[in-house]
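1. Predicted model, plus sequence, below.
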Amino acid sequence: MARKKPRPPHSAAPDDALPAQGTTAVAEPPAGAVTDFAARVQVVVSPVSVDATPERFPQTTASRPLRRLCRACASLQLAITLLSLFAACLALATLLESAYSARIAQDLVYRTWWFTLLLGLLAVNVLCAALKKFPWKRHQAGFLITHCGLLVLLGGGLLTALDGTDGQMILIDTPDPAVHRRLGLTNRSHTIGFGDLQRLQVYHLRPPADEKAPRFQALLTAIDRGAEPGADAQEYLKGQWALPLQPGPFAWYDDDHATSDLPWHLSLLHRLAVPAPAFERPLGENGSLTVLNYYPHTEHWPFKRAAGGKGYPVLRLRLTSPMLGRPMERWVSLPTPDRAESSPMALETLVLNDAAMLPEFLDPPAPADMGPEGQIVLLVDGEKYRVPVHKDRVGKPAPLPGARQVTLLEYRPNFFEKDRPEPAQPAVRFELSGPYGKTEFSALARLPHLAEGRGPEAGRVALWYHFPDFRWGSGQLMGAVQFLGAPDSKVYYRVYGKDGLRQKGREIDPRDRDRLYPLPWKPMDLSFQVTEYLPHAVQEDSFAVRSLRPGAEPPPRLRPTVRGRLSASGKSAEFWVRQTGTPAWVDVGAEAFVVRYQSEVRPVDFELTLKRARKTTDPNSNRPAGFQSDVVLSQGRSGDGAATEHTISMNQPLRHGPYAVYQSNYEPMTDPRTHQAVLDGDGKLVSLSGLTVAHDPGLWLKYLGSSLVVLGIAAMFFMRAYFFRRPTPAMEHG
C-alpha cells in the first residue's frame, strides 16, 4: 500500500484547521511523517503577532519625504547612471590629456563645476545606499566596507582640491640685482604661484601736490614691483580691490585682436567650463571694472601699430648663424637718440618721403667721392646736384649750374646733443639761392624723412644727405644692415662691412615669413628672416595676441593678458594688463588708477636659491636629454635656517617635508624688448628654471580608500553569507 506523501512542516494548514483567535494549538504531524525537532514546533497565533513587521524608520508624517528622498538617492538606476557618466568623463579626460596636455584635461574636466557636482552626487548616492541598509547585519560587512572606501576616496579628492598645492617657482640663475630689475625675476623665493588661480588688483590713487614725495614714490615702486603697499602709503590710496580670476585655457571671445580656431569639442567643453567669463565689479560708489576679454598667449612689443598712416616702418628679424648656436630676434626701427647699439652689428630703418631719391639708397656714392662730412644730393627740376660737405666751409657759397648756389649754414655732428662730438646723428643746414629766391633746408643723414625746407623752392626740391661713416662715430661696429621704407610701402635693404658697402640695396618682401636672406659676412654666414612687419608704428608698449595649438607649451615670452575697461564718474578708459608684467596705469578723467594682474601666490616654509640651471645632453651627442637645477634649500621663509645643496632634474625631484619639487621648465633668457640674450655682470648667460612645487594632503585618504574598496570587494565576492549567520536545519540536512 502506497504511503501518503507527508505535508512539509512549513506548509500552511487548511482554513478550517486554524484555531480560534486568542487560543494556542499544537500542530500534529501527519501520519507517517518523519518526526524531528523542526516538525514539533509550537505555533503561537495572536492578533498582534500576525500583522507586526519590523520597521527601519519610524512611520511619521515628517519622515516620509526624507525616506522617499533617501530611497531615490540610493536607487540602483541612479548609481548606474552616475557611474556611467563618471567613467565617460574619465575617458574624455584621458583622451584630452593624451591628445593635448594635462592642463587641458584639468581645466576642461577635472576642475570644472559640473565635474565637482558629479562627484558630489556620487558621494550622496554612496552614502544613501549605505544608510538604506540600516540597521546593518553582519553579512553586509563587505557592502559597507566598499561604500566606506568610496566615501574616503571622494573625501581625499575633496581635500586635495581644497587644500592641495600645485604651484610654480620661476627663478633665474644670477644674483645680479640689475638683471633682476630688468627681467622682474630673482634667483631666490619662498613663495609659489598658481597658474589657474589669478587675480586683478586695482589701486585708486590720490596723488599728492608734490608727486615726487618719498612715500608716494615708495607706493608706486611697490606697486610696480608686485609688492603690497605699506601702511604709511594708505593716505595716497582712495581704495584698493583684489578680484579673483579663473579664466581657463583659451580666449573668451573672438574679437578684433584674436580669432580662435578651436575644434568643436574643445569649444563646447570650454563653454561648459566657463559659461559666462566676462564680468563687471563695482569699485567704490562711482566706479567699476569690466573684464572684456582674456588672451592666454600674448607677446610684449615695444612698438604699436599707428592709425591713419602715421609712424614709421618697423621690422622684427630672426638672425641665424652656425656661430650663434640658436636664433636671435631683434627689433629694427629708427635710430632714435635713446637707443644705443650694444652689439657689433647695427640694424636700423630709414624712411624715404620722395621716391625720386631711392637710387641714393640703393647705390650710394663711395666715401672718397664725398666731403669729409658727407655729401648733399639735390634734385631740382629733374637735375641732380651733388655738393660735398666741409665743416670748415660754413658760410661760403658753392656755385651750381642754372644760376644757383648752395651755402652751408651749419654742420652739427649730433643733432640731438650739441655737446657730443661723435656723429651719432649728423645734420646739416644750408641755403639754396636761385631764380626764385632763397630757400633754407635742413637734413639728417640717419633720418632722411625729417628733411624740410622753408622758402619759395621748398616743394620743388628733393633732398638726401649722405654721411661717409656707417659707424656713426662708434668704433665697435663691424657691420650694419640698413632697411628703407619707401613711399609705395616697399622695403629695401643694404649691407655694410667693416671696409664699407658690401651689398647694394635690393628689395625684400617683409610679409614672406619663410624666406631667408643671407648676409655677405664671413665666416659668420649670418642670415635673417622677417618675422613681423609693421608698416606704420610708433614706439609704445603693446601686446600681440598669439594663437598656439591647444595644449602646446608656450615659450616664456608668451604670457596671459587681460583687456578691460575702468569707469569712474561717468567716464571710462580701456586698458591692457599682462600677467606678472608691468602694471597698467589708467587715467579715467581726473581719476588715476593702477591695475596689476598676478597669479595667486602662497608662501611655503622654506626658501630656494637657484645657483645654476642647465640643459643636459645624451652621452657622446648633442641631443638634449633633460634639464637640471642646482639649488640651495634654506629652512624658514626668511631663508636664515639650515641650508643644504640639492640637484633637481626631471626624474629626480627634491622632497622636503610634505612638498615635492620637480623640474618642469628651462629657458635661456632673452631681453623682452630687444630679444637679445641676457648676460649678467660677469658676462654669463642667464637661464630661467621653472620648478613645480606639489603637496597632496589627501593622498593618504586616497590610499586608505583604495585599500578599503579592495577589502570590501574581497569580503563580498570571496566570502559567502553563511560565514556570517548560523546554519539552518535545511543546510545541515542538505
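-> Sure, I can see it.
2. pretty sure residue 240 contacts residue 205?
-> No: applying C-beta atoms under 8 Å, one finds residue 240 not in contact with residue 205, separated by 9.7 Å. C-beta coordinates here come from the backbone N, C-alpha and C atoms, glycine included.
3. These two: who's more crowded?
-> residue 205 (20 against 16; other C-beta atoms under 10 Å).
4. The closest residue in space to the more buried one that isn't next to it in sequence sits in which helix or strand?
-> Leaving aside its sequence neighbours, residue 205 sits nearest to residue 592 (C-beta to C-beta, 6 or more residues apart in numbering; 4.3 Å). Assigned by DSSP states H and E, residue 592 belongs to strand 591-617.
5. swap in residue 244?
-> strand 237-245.
6. Kindly calculate the angle that that strand makes with strand 591-617.
-> Here the directions of strand 237-245 and strand 591-617 differ by 40 degrees (axes from the mean of the first three to the mean of the last three C-alpha atoms, to 10 degrees).
7. how about the helices in the stretch 151-300 of the chain?
-> 177-183, 214-224, 264-273 (DSSP state H, counting those that start in this stretch).
8. Adding mean pLDDT, write the ones you listed out as CSV.
-> Formatted as CSV, the helices of the stretch 151-300 of the chain follow (pLDDT from 0 to 100):
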stretch, mean pLDDT
helix 177-183, 81
helix 214-224, 84
helix 264-273, 89
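9. Of all the ones you listed, which one is nearest residue 96?
-> The closest of those to residue 96 is helix 264-273. By C-beta to C-beta, the value is 8.0 Å.
10. Tell me the buried residues in the closest one?
-> Neighbour-count burial for helix 264-273, counted by 16 or more other C-beta atoms under 10 Å, picks out 266, 269-270, 273.
11. and if you look at stretch 137-156?
-> Within stretch 137-156, the residues scored as buried using 16+ other C-beta under 10 Å are 139-156.
12. now swap in stretch 476-487 and tell me
-> Buried-residue list, stretch 476-487, by 16+ other C-beta under 10 Å: 477, 479-486.
13. now those residues in a markdown table, with pLDDT, secondary structure and distance to residue 617?
-> Formatted as a markdown table, the buried residues of stretch 476-487 follow (pLDDT from 0 to 100; DSSP: H, G, I helix; E, B strand; the rest coil; distance: C-beta to C-beta, whole Å):
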| residue | pLDDT | secondary structure | distance to residue 617 |
| --- | --- | --- | --- |
| 477 | 83 | coil | 35 |
| 479 | 89 | strand | 32 |
| 480 | 92 | strand | 36 |
| 481 | 94 | strand | 33 |
| 482 | 95 | strand | 39 |
| 483 | 96 | strand | 38 |
| 484 | 95 | strand | 43 |
| 485 | 93 | strand | 43 |
| 486 | 91 | coil | 47 |
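14. from those residues, which is closest to residue 332?
-> Once C-beta to C-beta is applied, the member of the buried residues of stretch 476-487 that ends up nearest residue 332 is residue 483, at 6.1 Å.
15. right, and the closest one touches residue 348 too?
-> Yes: in this structure, residue 483 is within contact of residue 348 by C-beta under 8 Å, at 7.3 Å.
16. how far away is the closest residue in space to residue 435 that isn't next to it in sequence from residue 433?
-> Once flanking residues are discounted, residue 435 sits nearest to residue 403: 6.2 Å by C-beta to C-beta, 6+ apart. Distance, residue 403 to residue 433, by C-beta to C-beta, to the nearest Å: 9 Å.
17. Which of these two has more residues huddled nearby?
-> Using other C-beta under 10 Å, the more surrounded residue of residue 403 and residue 433 is residue 433, with 18 against 9.
18. Quick one: name whatever helix or strand follows the helix or strand containing that one.
-> Assigned by DSSP H and E, residue 433 belongs to strand 427-434. On the C-terminal side of strand 427-434, the nearest following helix or strand under DSSP H and E is strand 437-444.
19. What is that following strand packed up against?
-> Strand 437-444 sits against strand 427-434, strand 452-454, strand 461-466, with contacts defined as 3 or more C-beta pairs under 8 Å, 6 or more residues apart in numbering; DSSP states H and E.
20. Could I get these in TSV, plus columns for mean pLDDT and distance to residue 359?
-> Below are the helices and strands packed on strand 437-444 laid out as TSV (pLDDT from 0 to 100; distance: least, C-beta to C-beta, whole Å):
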stretch	mean pLDDT	distance to residue 359
strand 427-434	93	20
strand 452-454	92	21
strand 461-466	94	9
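21. Any stretches of the chain with poor pLDDT?
-> 1-63, 325, 337-342, 618, 620-624, 637-640, 672-676, 719-734 (pLDDT under 70).
22. What pairs with the strand holding residue 244, parallel or antiparallel?
-> Applying DSSP bridges, strand 237-245 is found paired with strand 188-205 (antiparallel).
23. Next, show the common contact partners of residue 483 and residue 348.
-> residue 332 (C-beta atoms under 8 Å, 6 or more residues apart in numbering).
24. what's the neighbour count on residue 507?
-> 12.
25. That one and residue 87: what is the separation?
-> 62 Å.
26. With residue 136 instead?
-> Residue 136 sits 28 Å away from residue 87, going by C-beta to C-beta.
27. now swap in residue 492 and tell me
-> Taken as C-beta to C-beta, the span from residue 492 to residue 87 is 64 Å.
28. circling back to that earlier point, how about the strand holding residue 244: buried residues?
-> Going by 16+ other C-beta under 10 Å, strand 237-245 has these buried residues: 240-241, 243, 245.
29. Now do the buried residues in stretch 81-93.
-> 82, 89, 93.
30. what comes into contact with it?
-> 105, 108-110, 115, 118-119, 121-122, 125.
31. Can you select the buried ones among those for me in ChimeraX?
-> A single ChimeraX command selects the buried members of those (16+ other C-beta under 10 Å):
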select :105,108,109,110,115,119,121,122,125
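32. just the contacts of stretch 81-93 now: which is nearest residue 569?
-> Once C-beta to C-beta is applied, the member of the contacts of stretch 81-93 that ends up nearest residue 569 is residue 108, at 40.7 Å.
33. who touches that closest one in this structure?
-> Going by C-beta under 8 Å, 6+ apart, residue 108 touches 93, 96, 249, 266, 269-270, 272-273.
34. how about the strands of the stretch 501-650 of the chain, start to end?
-> Using DSSP state E, counting those that start in this stretch, the strands of the stretch 501-650 of the chain run over 517-518, 527-545, 558-568, 571-578, 584-588, 591-617, 624-635, 643-649.
35. Which other helices and strands does the helix or strand following the last one contact?
-> Scanning forward in sequence from strand 643-649, with DSSP H and E defining helices and strands, the next element found is strand 654-656. Of the remaining helices and strands, those touching strand 654-656 by 3+ C-beta pairs under 8 Å, 6+ apart are strand 624-635, strand 659-668.
36. now the angle from the shortest one to strand 624-635?
-> Computed by the same axes, to 10 degrees, the angle separating strand 659-668 from strand 624-635 equals 130 degrees.
37. mind listing what the helix or strand following strand 659-668 pairs with, with the direction of each?
-> Scanning forward in sequence from strand 659-668 by DSSP H and E, the next helix or strand is strand 687-695. Paired strands of strand 687-695, with direction, are strand 165-172 (antiparallel), strand 659-668 (antiparallel) (DSSP bridges).
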